[in-house]
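Asker: After the sequence you'll find the predicted model.
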Amino acid sequence: MTSAHVTTPPLRFALVGNPNCGKTALFNRLTGSRAKVANYAGVTVEKRIGLLQQMDAPAELIDLPGTYSLYVASPDEQVARRVILGEMADEARPDVLVAVVDATNLKLGLRLVLELKVLGLPMILALNMADAAEHRGIRIQVDELSRRLGLPVVETVAVRKHGVNALQDAMRTIAKQALQRADTIPLPARGEDVEALYARIDDMLAGCVSAPANPPRWQEALDTLIMHPVWGLLVLLTTLFLMFQAVFAWASPLVDAIDTSVQWIGAQVGALLPTGILQDFLVNGLIAGTGSVLVFLPQIIILFAFILALEDSGYLPRAAFLLDRLMRGVGLSGRSFIPLLSSFACAVPGIMATRSIADPKERLITIMVAPLMTCSARLPVYALVIGAFIPHQTVWGVFNLQGITLFALYIAGIVSAALIAWVMRKQQHAADDFPLLLELPSYRWPNAYHFLLGLKERAWIFIRRVGTIILALSILLWFLATYPHAPLNATAPAIEYSFAGMLGKLMQPLFGPLGFSWQMCIALIPAMAAREVAVSALATVYAVGGGESALGASLAHAWGLPVALAYLAWFVYAPQCLSTIAVVRRETNSVNATIAFTGYLFLLAYLAACATRYLAGVWL
Amino acid sequence: MPNRPLQTTETGHPVSPLHDLPKGAHARIVSIDVQNAFGQRDEHVTQRLKELGFLPGATLKVIGFGLFGKDPIAVQINGTKFGLRRREAEKILTTPHKA
Ligand SMILES: Nc1nc2c(ncn2[C@@H]2O[C@H](COP(=O)(O)OP(=O)(O)O)[C@@H](O)[C@H]2O)c(=O)[nH]1
């Protein structure tokens, strides 16, 4: 009503609670799911913020990383603590805490609540999953618990439409009393030891909560299956296989459909407009560029459909548990397996999938090595060069030499990733090495509303945050490859006269030690849009028509074997395609990390290609 | 473990670290021990274990292991299930307990 209203910043509420207690589901309900998702400054930990609905005055809600404790904290838990205390740069301290506790797991949650209470901030306790608790026969006397805790307590069911009404009432009430302050609060010294705290919780719960001792039978039965040495392995392999198959193969008809539609639209627009700069820009720059963004969507959506469903059902933490040993040798945990596996299809969805890794350092390492998994876009390049240079011959009786070469390229990527992950882990302080204490949450049916919201959120993050960069870069590449035009009496292919051609020739001395000709260098430039484009670019610079075998023949003529092998080695590490770099930039939210990422891969590619050429020259 | 001196509680029950228990075993926690591998952070790890409910006197059940050997180990305690790596599990001394 007065202007003062306009200038006060909105009241800040924060959701705090253990992992898996339903914070994100509550967040979606309370904000009507219009979240802004980004990273906290300087760390690869996801931050989710949104405007609260149904409040009297504007108020925002922030969803903190799940945490068990304010005192002993893993890196992502430290982010939660620092935000609560107001220590985080660029984050105002929350004015009101909404502590969330899984009602089927009260003791663990209340321990954190008692720690939070000592901070003295206004606080509401939400007993979430009230439906599941009721189903299990857990009876909670909410009013009595509220009296004993000295906090407003409400039951919530985040997966039901009206399941948060009581919480919204409580939030409106507390908003009237809450004060806005931008100070920091010191972390109080621990008042009592853990034993005493748990004893206090037991006393508090005695007489106001009655609970049957054991979780439901079917949960037990499912875990017997999933943790079984044989059946469990079978379930895991089937799941991973389906997921990989889906991202790799099922997405491709959709990708092809997008490709065809984009080409069709391009052709229609091309036919409407007179030949010239505008037509060229619209068709080959803008429309083709948009297409290069959209082709990633099927893979991203399919992969996240799997990840969200597996995460919500409780299987993903178990898969991470089962695979933990495999990844630990290189300093990662089971959590990084699925992002790395997905990167064999494409690094872009793989890197986005690292969002399910809670530890920011592990997430960063996984992002850094994900592109070393040989993605499907590299296959056409491998196939072309292998087909042209490696004889089709059988070795040791059973193996095909071409097959072995392809296999070696995959292995080179995996081994390099393992080494680099290991080195990066060694670089970090041992003191940051936090023990794995992974909660294996109860199994649940994924909730359709939250599942679809999650999918939409991922797709939007990609389109808005990454797609815009990819589009801009594709247009830039189009420009480089088109201008200046070839003179009218040109004899060489048009690309030679363009900026890309000049750049390729300019780059050539740098690539001299690798034995790359200027034609090979030119092909590397459009290959930055997508690696498979290297094939058509080579066809263009060598002015070969008539398919891959013709191109292979002319390459076999133009390149020596050591150089061809060096080109393959280059593509194992290759400075990544621009889409990958764009997604690294977004997911790490750091220019330095992106530069380090691009730089180290360039260096590796260079060294590997150089070594390959030299060794092949000596041995072959 | 043939070389390990057989430990017992004051009341004469055998004591074994958590990672030695077979799948399906029920046990009661006797104490949380020092684990040298954690160095200075050992106290931190002890605290975290306790915060998650691994307190002397609490009962737990071994529900499974990771794919390669007996590491990590999954246990159920206070109705919650956790995966622990061997180094953490070694800190937890237990004695058999009837379900
Ligand atoms: N039955 C039931 N399931 C819920 C409730 N709240 C959340 N869930 C489910 O619990 C799982 C974990 O929720 P999520 O919001 O991701 O937890 P977070 O880790 O705390 O953010 C998801 O599968 C949710 O659909 C609830 O009130 N009742």
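Answerer: Perfect, thanks for sending it. Numbers count the residues shown, from 1 in each chain, chains lettered A, B, ... in the order given.
Asker: CA only for contacts and neighbour counts going forward, please
Answerer: Noted.
Asker: burial measure for A:Leu480, as a count.
Answerer: 19 (other CA atoms under 10 Å in any protein chain shown).
Asker: what does A:Asp56 give?
Answerer: 12.
Asker: again, but for B:Asn36
Answerer: Around B:Asn36 there are 11 residues (other CA under 10 Å).
Asker: so what pLDDT did it get?
Answerer: Note for B:Asn36: predicted pLDDT of 81.
Asker: cool, and B:Glu51?
Answerer: 92.
Asker: nearest residue to it other than its sequence neighbours?
Answerer: A:Val194 (6.2 Å; CA to CA, 6 or more residues apart in numbering or on different chains).
Asker: gap between that neighbour and the ligand?
Answerer: 23 Å (CA to the nearest ligand atom, to the nearest Å).
Asker: Now A:Asn20. Its backbone dihedrals?
Answerer: Main-chain torsions, A:Asn20, degrees, to the nearest 10: phi 70, psi 20.
Asker: surely it meets A:Tyr68?
Answerer: No: A:Asn20 is beyond contact range of A:Tyr68, at 10.9 Å (criterion: CA atoms under 8 Å).
Asker: any idea how far A:Ala605 is from A:Pro526?
Answerer: Going from A:Ala605 to A:Pro526 by CA to CA, to the nearest Å gives 17 Å.
Asker: Quickly find the element holding whichever residue of the stretch 401-550 of chain A sits closest to chain B.
Answerer: Taking CA to the nearest CA, chain B has its nearest neighbour within the stretch 401-550 of chain A at A:Glu439, 4.4 Å off. According to DSSP states H and E, A:Glu439 maps onto strand A:437-440.
Asker: Show me what that strand packs onto, helices and strands only.
Answerer: Judged by 3 or more CA pairs under 8 Å, 6 or more residues apart in numbering or on different chains; DSSP states H and E, strand A:437-440 is in contact with helix A:315-328, strand B:80-84.
Asker: between the ones you listed, which one is nearest to A:Cys375?
Answerer: Of all the helices and strands packed on strand A:437-440, it is helix A:315-328 that lies closest to A:Cys375, at 19.9 Å by CA to CA.
Asker: Output the below-cut-off pLDDT ranges for the chain.
Answerer: You didn't pick a chain, so chain A it is. Within chain A, the stretches with pLDDT under 70 are A:1-7, A:213-215, A:429-434, A:545-547.
Asker: my bad, chain B
Answerer: Ranges of chain B meeting pLDDT under 70: B:1-7, B:9-11, B:99.
Asker: Quick check: most distant residue from the centroid of it.
Answerer: B:Gln40 (20.2 Å; CA atoms, centre = their mean).
Asker: check contacts around it.
Answerer: By CA atoms under 8 Å, 6 or more residues apart in numbering or on different chains, the contact list for B:Gln40 is empty.
Asker: quick one: it is in a helix?
Answerer: Yes: under DSSP: H, G, I helix; E, B strand; the rest coil, B:Gln40 sits within a helix.
Asker: quick one: A:Ala448 from A:Asp259, how far?
Answerer: A:Ala448 is 30 Å from A:Asp259, by CA to CA.
Asker: can you check B:Asn78 too?
Answerer: 54 Å.
Asker: Please apply the same query to A:Gln180.
Answerer: 52 Å.
Asker: quick one on the thing from earlier: closest to the ligand out of the helices and strands packed on strand A:437-440?
Answerer: Of all these, it is helix A:315-328 that lies closest to the ligand, at 10.5 Å by CA to the nearest ligand atom.
Asker: angle of the closest one against strand B:80-84?
Answerer: 10 degrees (axes from the mean of the first three to the mean of the last three CA atoms, to 10 degrees).
Asker: which phi and psi does the residue of chain A most remote from its centre have?
Answerer: Of all residues in chain A, A:Asn489 has its C-alpha farthest from the mean position, at 49.8 Å, by CA atoms, centre = their mean. A:Asn489 adopts backbone torsions of phi -90, psi 30, taken as degrees, to the nearest 10.
Asker: next one: A:Ile420
Answerer: According to degrees, to the nearest 10, A:Ile420 has phi -70, psi -40.
Asker: Would you confirm that it contacts A:Pro371?
Answerer: No: the criterion here is CA under 8 Å, and A:Ile420 misses it with A:Pro371 at 11.9 Å.
Asker: Neighbour count: the two, which is higher?
Answerer: A:Pro371 (30 against 17).
Asker: OK, contacts around the more buried one?
Answerer: Contacts of A:Pro371 (CA under 8 Å, 6+ apart): A:343, A:346-347, A:573, A:576, A:580.
Asker: what do you get if the cut-off is 6 Å, keeping everything else the same?
Answerer: Taking CA atoms under 6 Å, 6 or more residues apart in numbering or on different chains, we find A:Pro371 in contact with A:Ala347.
Asker: Tell me how many other residues surround A:Ile365.
Answerer: Every residue meeting other CA under 10 Å relative to A:Ile365 is counted, giving 21.
Asker: wait, what's in contact with it?
Answerer: Counting by CA under 6 Å, 6+ apart, A:Ile365 has no contacts.
Asker: which stretch of helix or strand covers it?
Answerer: Counting by DSSP H and E, A:Ile365 is found in helix A:360-369.
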